[in-house]
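>>> Provided below are the primary sequence and the corresponding predicted coordinates.
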Amino acid sequence: MSDKTFETNTNLNEKAILISLVTSNDKRKSGDPEHSLQELVQLTETAGVEVLTTITQNKESADSKWFIGKGKVQEVKALADELGATTAIFDQELSGAQVRNLEEALDLKIVDRTQLILDIFAGRAKTREGIIQVELAQLSYLLPRLSGHGKNLSRLGGGIGTRGPGETKLETDRRHIRDRITDLKTVLEEVVRHRKLHRERRKKSGVIQVALVGYTNAGKSTLLRELTQADVYVENQLFATLDPTSRTLELPNGREVILTDTVGFIQNLPHDLVAAFRATLEEVCEADLVLHVIDSSSPMRDEQIAVVNKILDDLGASDKPYVMVYNKKDLCAVSGTLADLPITGGDNLVISAYDAGDLELLRQVIQDKLSGDTLTFVVPAERGDLIALAYRSGEVINQEVSEESLRLTVQVSKQQYEQHGHQLQQYIE
C-alpha cells in the first residue's frame, strides 16, 4: 500500500474501503470488473489514500437509493467501524441522492470513481489550460449533485420568494456554478484559439508532429524523457502526466520533429473530463504520426489497447499513420510473457524505454514512417518561392542545378505533400 499521505481540509490521513457493484449487465460486457477494481486501488493510492480493503457486491441492478442495497450498506458500516475507515470509494458513478443516503448511513466521506479521477487531475494540473479544464470538469460533475437537488428546486415554481434575496441557497449555488462554467468555457475557447494558431504556425513552418498516446502508466513520459533527454516528471503511478509536454526529437538523418506526450487514457474515463480535455487531445488529431505506447507487461493489455483505440476513434484520429509501440519488454522477460508479444515489424515494435538500441530502432521507425515517397521536381531556377516550397515539402536528398532549372529529389510524407507538395504537382518529373 502507498505510504503517502493525502491532505484534506482537516489534515487527516484518509483510510478507505473500496466498493464495486457488479450487475448482470456488467457481467454481459467484455470488461473485467475485477481489473477495474484493481485499477481503483491504484487510483486511490495515487491520490495518497490508504486502502484498507475492497468489497465486491453482485446484484441484478443498482439500488436507486442505496446503490449496493441496504443490507450491504449495514455490512460496510460494521466493517468501516472495525477498520477505522474515513472514506468509502465506489468504482462506479453515484447520483447526488445516493451520495447523501450513503453519507448518512455510513458516516463516511463518499467518493465515486469520477470524483477520484477529477481529484487526481486537480492535483496534477500545472498549465493554465489544464487548471481551467479540470475546474470545468469538476463543476460540470458537481452541478447535478448539489445537496438536495431536485427536491428543493421542485418547490421553486415561481412567484414571491423565488427570486433575488428570496432565492434558496441551493439555487444561488447552482446559479454561481453555471456562471462560473460559462466564464471558464469563454476563457478556454480563447486558450484553444491560441493553441490552434500555434499549431497552424508550426504546420506552415513545416514542423512535423509526433504524438505519444496510450493507456495511463504505459511509459509514455519515460519514452519522451529517454528519447529527448527532456526534464519531465516520470513516476510509476496513474496520470503522472496531465498537461501535454512537447520536446524536439532528432531523427537518425538529423531531421528534427516535435514529440508530444499526452494524458493517459483509462477505462470509464469521466464523460465531462473527455469533453473538457478535448482541446488537449486535439494535439493527437494534428499529429503526422501517432505512437500508441502499450504496457506489454499488463495482464489487461488487449483491453487497454481497445480503450485507447475507442478514444482515438471518438477524437477522429483513428485513421492517422501509427506505430504500436509494445513497451516494457524487460518486464515481460522477467514474467516469462515475452513470447506473447507480436514480432517487431510493420506497424509493431517491441521495446524497452531503457534500452539504447531499442530507442535507436524507434527513431529509425519514426523516420521511415515519416519519409513517405520520393519525388523529383524540376522547377525554374528563378522561382525561389517554389524551391523553398520543395524544401518545406520534405527532405531534399539530391539537388542538380542547370542554367534554367533546379532538379530536386525530395522524400515527402503524405501529410507534407497534401500541405505543400501539391502546389508543385505540375513540376513533378
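Yes, it's here.
>>> doesn't residue 286 make contact with residue 316?
No: counting by Cβ atoms under 8 Å, residue 316 does not reach residue 286; the two are 11.1 Å apart. No exception for glycine: its C-beta is placed from N, CA and C like everyone else's.
>>> Looking at those two, which has the bigger crowd around it?
Neighbours were counted for residue 316 and for residue 286 using other Cβ atoms under 10 Å; residue 286 has more, 18 against 11.
>>> Endpoint to endpoint, stretch 391-398 covers what distance?
11 Å (Cα to Cα, to the nearest Å).
>>> nope, stretch 308-327 is what I was after
Start-to-end span of stretch 308-327 (Cα to Cα) is 15 Å.
>>> Which of the residues in it are classified as buried?
Across stretch 308-327, burial judged by 16 or more other Cβ atoms under 10 Å covers 308, 311-312, 315, 317, 320-327.
>>> Dump these to JSON lines, plus secondary structure, pLDDT and distance to residue 302.
Shown next, in JSON lines, are the buried residues of stretch 308-327 (DSSP: H, G, I helix; E, B strand; the rest coil; pLDDT from 0 to 100; distance: Cβ to Cβ, whole Å):
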{"residue": "308", "secondary structure": "helix", "pLDDT": "89", "distance to residue 302": "11"}
{"residue": "311", "secondary structure": "helix", "pLDDT": "82", "distance to residue 302": "16"}
{"residue": "312", "secondary structure": "helix", "pLDDT": "85", "distance to residue 302": "16"}
{"residue": "315", "secondary structure": "helix", "pLDDT": "78", "distance to residue 302": "21"}
{"residue": "317", "secondary structure": "coil", "pLDDT": "82", "distance to residue 302": "20"}
{"residue": "320", "secondary structure": "coil", "pLDDT": "84", "distance to residue 302": "21"}
{"residue": "321", "secondary structure": "coil", "pLDDT": "87", "distance to residue 302": "22"}
{"residue": "322", "secondary structure": "strand", "pLDDT": "89", "distance to residue 302": "17"}
{"residue": "323", "secondary structure": "strand", "pLDDT": "93", "distance to residue 302": "18"}
{"residue": "324", "secondary structure": "strand", "pLDDT": "94", "distance to residue 302": "12"}
{"residue": "325", "secondary structure": "strand", "pLDDT": "95", "distance to residue 302": "15"}
{"residue": "326", "secondary structure": "strand", "pLDDT": "95", "distance to residue 302": "12"}
{"residue": "327", "secondary structure": "strand", "pLDDT": "94", "distance to residue 302": "15"}
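>>> Using a markdown table, please lay out the residues you listed together with distance to residue 114.
Shown next, in a markdown table, are the buried residues of stretch 308-327 (distance: Cβ to Cβ, whole Å):
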| residue | distance to residue 114 |
| --- | --- |
| 308 | 19 |
| 311 | 16 |
| 312 | 22 |
| 315 | 20 |
| 317 | 24 |
| 320 | 29 |
| 321 | 33 |
| 322 | 29 |
| 323 | 32 |
| 324 | 29 |
| 325 | 29 |
| 326 | 30 |
| 327 | 28 |
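>>> quick one: which of those residues is nearest residue 128?
Residue 128 lies nearest to residue 315 out of these, by Cβ to Cβ, at 22.4 Å.
>>> The closest one reaches residue 283, doesn't it?
No: using Cβ under 8 Å, residue 315 is not in contact with residue 283; the gap is 10.1 Å.
>>> Show the contacting residues for residue 66.
When contacts are counted by Cβ atoms under 8 Å, 6 or more residues apart in numbering, residue 66 touches 72-73, 98, 101-102, 105.
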